[in-house]
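Colleague: Test case, fold it:
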Amino acid sequence: MTQQHWAAFDVPAIRHEAHFNDRVVRCFAERPASFHQMYADALAAHPARRAIVFDGAALTYQALDAEVGRIAAGLAAEGIAQGDRVVLFIGNRPAFVSVLLATQRLGAIAVPVGTREQRPGLAYVLRQCGAKAIVFDAALAGVLPDAAEAQGLAVRICVDGDGAGTLGALGLGLPPLQAADAAAVREEDTAVLLYTSGTTGNPKGAMLSHFNIVHSAIHYQACFGLDENDCAGLAVPASHVTGLIAVIAAMLRVGGAMLVFAEFRADQFVAVAARERMTYTLMVPAMYNLCLMRGGMEAHDLSAWRIGGFGGAPMPPSTVEAMAQQLPGLTLVNAYGATETTSPATAVPPGAIVEGNDSVGVALPCASVIAVDDDGVEVAPGVTGELWIGGPMVVRGYWDNPEATAQGFTAGYWHSGDIGSIDAQGFVRIFDRKKDMLNRGGYKIYSAEVENVLMALPGVLEAAVVGRPCPVLGERVHAFLYAPGGGLDAAAVRQHCATRLADYKVPEEVTLMDAPLPRNANGKLMKRTLREQASAGGAGK
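Modeller: Next up, the predicted model:
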C-alpha cells in the first residue's frame with residue numbers, strides 16, 4: 001500500500017533478501033558494499049567538488065581524502081585494526097568527518113559520543129564497548145576518564161594542536177592509506193555504534209551496520225531527491241543519528257557538500273545558509289521556530305533552500321504556516337525514525353498533502369511499519385497500537401547486550417515503544433510513548449536515568465521526572481523530590497545532576513514535596529498527576 005506513495009520518485013529497484021540470520025527484508029538491489037565504499041564512490045565521481053564547508057572555508061573531496069588517508073595510516077600505526085572501537089568525542093567540525101571515514105577505511109568501528117556527555121556516561125560507553133582509542137576535542141579533555149575508569153583504552157588523540165598525541169601529528173611521515181587499500185568488510189559488519197538511553201539508566205549501543213547505513217542513505221537520496229548539487233546544513237550534532245545519517249551519510253552517498261555548523265545560533269545559521277546556498281537540512285522543530293523568531297530571515301536570500309526535514313517532535317501548525325510564508329519554495333518534510341532504525345523509517349512524501357497535518361508519513365520504500373497490540377498481533381487500520389519497524393535500516397541489536405536485544409526486537413522488527421496508528425492509506429500517526437521518555441527539543445531523555453542520579457542525593461527518598469510542556473522545546477525536564485530531612489534546594493539538585501548527566505538531561509525545574517509522591521492503590525507512581533502539577537506550575541516547595 002505505501003509503495004504507491006513513492007511511485008513518482010526515483011526509487012531504485014528493490015528485491016527481497018535474507019539478512020541477519022532471521023530476517024527477510026526489502027533491499028535496494030544495486031548498492032555500495034559498505035559505508036566506506038559509498039564514500040569512495042563519491043570521491044571517484046566528484047574529487048573536485050566541495051565535501052565540507054566550515055567557518056567560511058571549503059574542503060574538496062580530494063582534500064578530505066588526503067586527511068582521511070593520513071589519519072587512517074596514523075591510527076593503524078597506533079595499533080588500531082579492523083573491528084576495534086574508536087570513540088569520537090568531537091563536536092561539529094571537519095575532524096569529525098575525517099576521523100569517521102578513517103575508521104571506516106580501517107574497518108574499525110566508530111563510536112560517536114555527544115559532546116554534552118559527562119565523565120560517568122563517557123566512562124560507561126568506553127568500558128561497555130571496550131574502546132581501544134578515543135579522539136577528542138581539547139575543550140573536552142577534562143571530561144575524559146582516567147585509566148582506572150576506562151581500562152583497555154590504549155590511545156588518546158587530541159583533535160587540536162600539532163604536537164605528539166594530536167590529530168595534526170597523526171600519520172605524518174607515513175604513506176597515507178589510500179581508498180583502494182581499505183579493509184575488506186562484510187556489509188552486515190558493524191560500522192558505527194551509537195549509544196541510546198536505556199530505561200534502566202544505562203545506555204545501549206545500537207550496532208549500525210554498513211548494510212543499515214547504505215540503505216538509509218539511499219532512502220534519503222531517493223525520497224528527498226538529493227544529488228551532487230545539494231549542500232546540506234549540519235546544524236544538529238554530528239554524533240546523533242540524524243546528523244550522522246541524514247546529513248553526513250546522505251551527502252557522501254550523492255557527492256554533495258556538508259555545511260557544518262559548530263553550534264546552532266539562529267542568526268548565524270540563516271546568514272551562512274544563505275551565503276553558501278544551502279539546499280537541504282534536517283532539524284528539530286524548535287530550530288525552525290528559532291529561525292523565525294531570531295534568524296532575521298527576511299534579510300537573507302534563502303531561495304536555494306528547497307527541503308527542510310524535521311523530526312523528533314511535532315511541528316506546530318503556526319510554524320509550518322510561517323515558514324511557508326517566509327520561504328514559499330521550501331518543502332517541509334516530516335520524518336520519523338530512531339537510532340535503532342538508522343534514522344528514517346517513515347516520511348511524508350515531499351509535496352504530499354496530509355489531512356490534519358498530523359502524520360509522520362508513510363513507510364519508506366524498503367521499510368515496514370506495523371501497529372500491534374500487547375500480544376504482538378497487528379491491529380486494524382486506524383486502531384491504536386505499538387509501532388514495530390522492520391527493514392534493512394533496522395539494526396541487528398545492541399552491542400554485547402543480548403537481553404536488551406531480545407526484549408527490543410522480534411524477527412527483525414524493532415519495538416519502538418511509540419503508540420500510534422496506521423490508516424488505510426498507510427499514513428502513520430503517533431499519539432503517545434509507551435516508554436517513560438521525555439523529548440526535549442529532539443533529545444530523548446529517559447526518566448529512569450535522571451531519577452537514578454537524583455536518588456543518589458543524600459536524604460532523597462523518592463524522585464520522579466516528568467516533562468513540562470514547552471512551546472519551543474516541546475518538553476522541559478521537571479523533577480519532583482521527596483526528601484523529608486530538608487537541607488536540599490533546587491540549585492544543589494541541579495548542580496548534583498550537572499556533573500553526572502548531559503546538560504539537556506539536567507532538571508530545569510525542581511519541586512521539593514512536603515509529602516510522599518502520589519501513588520495509586522497498587523503503589524504505582526501516578527506520573528500523570530505530577531505532569532498536571534508541572535503544567536500548572538508545580539507543587540510543594
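Colleague: before we move on, which element is the closest residue to Glu451 other than its chain neighbours in?
Modeller: Closest residue to Glu451 apart from its sequence neighbours, by Cβ to Cβ, 6 or more residues apart in numbering: Ala463 at 4.8 Å. For every residue, glycine as well, the C-beta is placed using N, CA and C. Ala463 is located in strand 462-470, with elements delineated by DSSP states H and E.
Colleague: try Ile80
Modeller: Taking DSSP H and E as the definition, one finds Ile80 inside no helix or strand.
Colleague: which ones are touching it?
Modeller: By Cβ atoms under 8 Å, 6 or more residues apart in numbering, Ile80 lies in contact with 86, 103, 106, 108, 132-133, 155.
Colleague: could you pull out the helices for the protein?
Modeller: Taking DSSP state H as the criterion, the chain carries its helices at 35-45, 61-77, 94-106, 119-129, 210-224, 241, 250-254, 266-275, 285-294, 317-326, 402-408, 447-455, 490-498, 527-535.
Colleague: Any idea which of the ones you listed gets closest to Phe431?
Modeller: Relative to Phe431, the nearest member of those by Cβ to Cβ is helix 527-535, separated by 14.9 Å.
Colleague: Tell me the helices and strands packed up against that closest one.
Modeller: strand 462-470, strand 474-482, strand 509-513 (3 or more Cβ pairs under 8 Å, 6 or more residues apart in numbering; DSSP states H and E).
Colleague: Can you list the low-confidence ranges for the stretch 301-450 of the chain?
Modeller: For the stretch 301-450 of the chain, the stretches with pLDDT under 70 are 312-314.
Colleague: Recalculate using a threshold of 90.
Modeller: Applying pLDDT under 90 to the stretch 301-450 of the chain picks out residues 311-321, 351-358, 418-420, 430-439, 442-449.
Colleague: if I look at Thr384, how far off is Gly171?
Modeller: 55 Å (Cβ to Cβ, to the nearest Å).
Colleague: Among these two, which residue is more densely surrounded?
Modeller: Applying other Cβ atoms under 10 Å to Thr384 and Gly171 shows that Gly171 carries more neighbours, namely 22 against 14.
Colleague: Tell me how many other residues crowd the nearest residue to the more buried one once chain neighbours are set aside.
Modeller: Using Cβ to Cβ, 6+ apart and skipping residues adjacent in sequence, the residue nearest Gly171 is Gly74, 3.0 Å away. Neighbour count of Gly74, defined by other Cβ under 10 Å: 22.
Colleague: what do you get for Phe310?
Modeller: The burial count for Phe310: 24, using other Cβ under 10 Å.
Colleague: So the residue nearest to it when sequence neighbours are not counted versus Asn439, what's the distance?
Modeller: Leaving aside its chain neighbours, Phe310 sits nearest to Pro285 (5.4 Å; criterion: Cβ to Cβ, 6+ apart). Separation of Pro285 from Asn439 (Cβ to Cβ): 10 Å.
Colleague: again, but for Ala502
Modeller: Ala502 is 15 Å from Asn439, by Cβ to Cβ.
Colleague: Where do the domain boundaries of this protein fall?
Modeller: Domains of the chain are assigned by automatic domain parsing as 2-428, 437-535.
Colleague: and those, which one is worst for confidence?
Modeller: When the domains of the chain are compared on average pLDDT, domain 437-535 comes out lowest at a mean of 89.
Colleague: okay but Gly91 is in contact with Ala138, surely?
Modeller: No. Under the criterion of Cβ atoms under 8 Å, Gly91 makes no contact with Ala138, lying 10.7 Å away.
Colleague: Which of these two has more residues huddled nearby?
Modeller: Neighbour totals were compared for Gly91 and Ala138, and Gly91 leads with 21 against 11 (other Cβ under 10 Å).
Colleague: In contact with the more buried one, which residues are there?
Modeller: Gly91 makes contact with 115, 137, 237-238, 262, according to Cβ under 8 Å, 6+ apart.
Colleague: go again using 7 Å as the cut-off
Modeller: Residues counted as contacts of Gly91 (Cβ atoms under 7 Å, 6 or more residues apart in numbering) are 115, 137, 262.
Colleague: Who are the contact partners of Tyr288?
Modeller: Neighbours of Tyr288 in contact, by Cβ under 7 Å, 6+ apart: 310, 319, 323.
Colleague: hey, what's the first one bridged with?
Modeller: Just to be clear, that refers to Phe310. The residues listed as beta-bridge partners of Phe310 by DSSP bridges are Met283, Asn334.
Colleague: looking at it, it is touching Asn334, isn't it?
Modeller: Yes. Between Phe310 and Asn334 a contact is recorded at 6.1 Å, counting by Cβ atoms under 7 Å.
Colleague: any idea how far the nearest residue to Gly397 once chain neighbours are set aside lies from Val241?
Modeller: Spatial nearest neighbour of Gly397, chain neighbours left out: Thr405 (3.2 Å); criterion: Cβ to Cβ, 6+ apart. Going from Thr405 to Val241 by Cβ to Cβ gives 18 Å.
Colleague: One more: Ala502?
Modeller: 16 Å.
Colleague: Of the two, which one has the most company?
Modeller: Set side by side, Ala502 and Val241 show more neighbours around Val241, with 25 against 20, by other Cβ under 10 Å.
Colleague: wouldn't the more buried one be in contact with Leu194 here?
Modeller: Yes. Here Val241 reaches Leu194: they are 5.7 Å apart, a contact under Cβ under 7 Å.
Colleague: Can you pull the residues that touch both of these two?
Modeller: Jointly contacting Val241 and Leu194 under the rule Cβ under 7 Å, 6+ apart are Thr339.
Colleague: Give me the neighbour count for Gly329.
Modeller: By other Cβ under 10 Å, the burial measure for Gly329, its neighbour count, is 10.
Colleague: Contact partners for it?
Modeller: So Gly329 contacts 303, 306 (Cβ under 7 Å, 6+ apart).
Colleague: likewise the one 5 residues further on?
Modeller: Residues in contact with Asn334 (Cβ under 7 Å, 6+ apart) are 310-311, 315, 347-348, 360-361.
Colleague: re the thing from before, closest to Ala338 out of the contacts of Tyr288?
Modeller: Ala338 lies nearest to Phe310 out of those, by Cβ to Cβ, at 15.0 Å.
Colleague: residues contacting the closest one?
Modeller: Each residue near Phe310 by Cβ under 7 Å, 6+ apart is listed here: 282-285, 288, 332, 334.
Colleague: Which one of those residues is nearest to Asn202?
Modeller: Ranked by distance to Asn202 (Cβ to Cβ), the contacts of Phe310 are led by Val284 at 25.1 Å.
Colleague: where's the closest one relative to Thr342, distance?
Modeller: Distance, Val284 to Thr342, using Cβ to Cβ: 18 Å.
Colleague: go on, Gly397?
Modeller: 13 Å.
Colleague: what do you get for Ala148?
Modeller: Applying Cβ to Cβ, the value for Ala148 to Thr342 is 34 Å.
Colleague: same question, Ala492
Modeller: 40 Å.
Colleague: neighbour-wise, which of the two wins?
Modeller: Shown here are Ala492 and Thr342; by other Cβ under 10 Å, Thr342 has more neighbours (30 against 12).
Colleague: Does the more buried one touch Met393 like I think?
Modeller: Yes. With contact defined as Cβ under 7 Å, Thr342 reaches Met393; the gap is 4.3 Å.
Colleague: Now do the shared contacts for those two.
Modeller: The contact sets of Thr342 and Met393 overlap at 212, 216 (Cβ under 7 Å, 6+ apart).
Colleague: Could you check how many residues crowd around Ser79?
Modeller: Ser isn't right for residue 79; it's Gly. Neighbour count for Gly79, taken as other Cβ under 10 Å: 11.
Colleague: And it, how close does it get to Ala345?
Modeller: Using Cβ to Cβ, one gets 38 Å for the distance from Gly79 to Ala345.
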